[in-house]
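A.B. asks: What follows is a predicted structure for the sequence shown.
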Amino acid sequence: MALVSPTELSVFLPGTDIADAPLIAELRAAAESFVADFCGRDFAGGTFTEVHPAAARMVFLRNYPVLAVTGVAAGGLTLDPTDYLVHADRGVIAVPNGPPGPGEITVTYTTTTAVPPAVKQAVMDLVAQWFRQVKTGQATGHLNVLAVTAADGSATQYPWSQAAGMRLPPAVAQLLRALRHPTL
């Protein structure tokens, strides 16, 4: 599932035409992948199974908000839903009495498919910035390193400034900072 639809991007990028569609699609995919990697989360939603270290009283899930927890097992034993608390908005499962034995804690859960507005904005901002850079580079004759093949088989090359390690725009970093999965 895409985080941002082509329609949302076309509204956000006025003045583009059908010839720009393959480039915009490539940039959207790159931006969505970047956001997921940067945040350490999957914003498209779905069902996930995670394994966490043993003896934890709290498990921090990578993806949230959580719609449902379908199973928690510790040390090979399935926990009863009354043995743990789910903090759905934060993606935390608390096991107040601790796991029943040694071994890893395995959690299977489902998250919402509603993409947070800040994520949509960050993806659109990245696509817009990269699109401007590509078009500026193309207009000024800079080195072409990104090739996009159109449906008719013709290939167009675009400068890909991000390959040179450009910094994350501060506005995008600010949007995504609160959505990052904490690293322990």
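C.D. replies: Structure received.

A.B. asks: Which residues lie in contact with residue 85 in this structure?
C.D. replies: Counting by Cβ atoms under 8 Å, 6 or more residues apart in numbering, residue 85 touches 93, 94, 96. For the C-beta atoms, the positions are set from N, CA and C on the backbone; glycine is no exception.

A.B. asks: Narrow the residues you listed to those in strands?
C.D. replies: Using DSSP state E, the subset of those located in strands is 93, 94.

A.B. asks: List buried members of the contacts of residue 85 by neighbour count.
C.D. replies: Taking 16 or more other Cβ atoms under 10 Å as the criterion, what is buried in those is residue 93.

A.B. asks: quick one: which of the contacts of residue 85 is nearest to residue 50?
C.D. replies: residue 93 (9.9 Å; Cβ to Cβ).

A.B. asks: show me the contacts for the closest one.
C.D. replies: Contacts of residue 93 (Cβ under 8 Å, 6+ apart): 58, 59, 61, 69, 72, 84, 85, 86, 87, 107.

A.B. asks: Which residue, other than its chain neighbours, is closest to it?
C.D. replies: residue 59 (4.4 Å; Cβ to Cβ, 6 or more residues apart in numbering).

A.B. asks: and the host helix or strand of the one you found, what does it pack onto?
C.D. replies: Assigning secondary structure by DSSP states H and E places residue 59 in strand 58-60. For strand 58-60, the packing partners by 3 or more Cβ pairs under 8 Å, 6 or more residues apart in numbering; DSSP states H and E come out as strand 46-52, strand 92-94.

A.B. asks: longest helix of the chain?
C.D. replies: When the chain is parsed with DSSP state H, its longest helix is helix 117-140.
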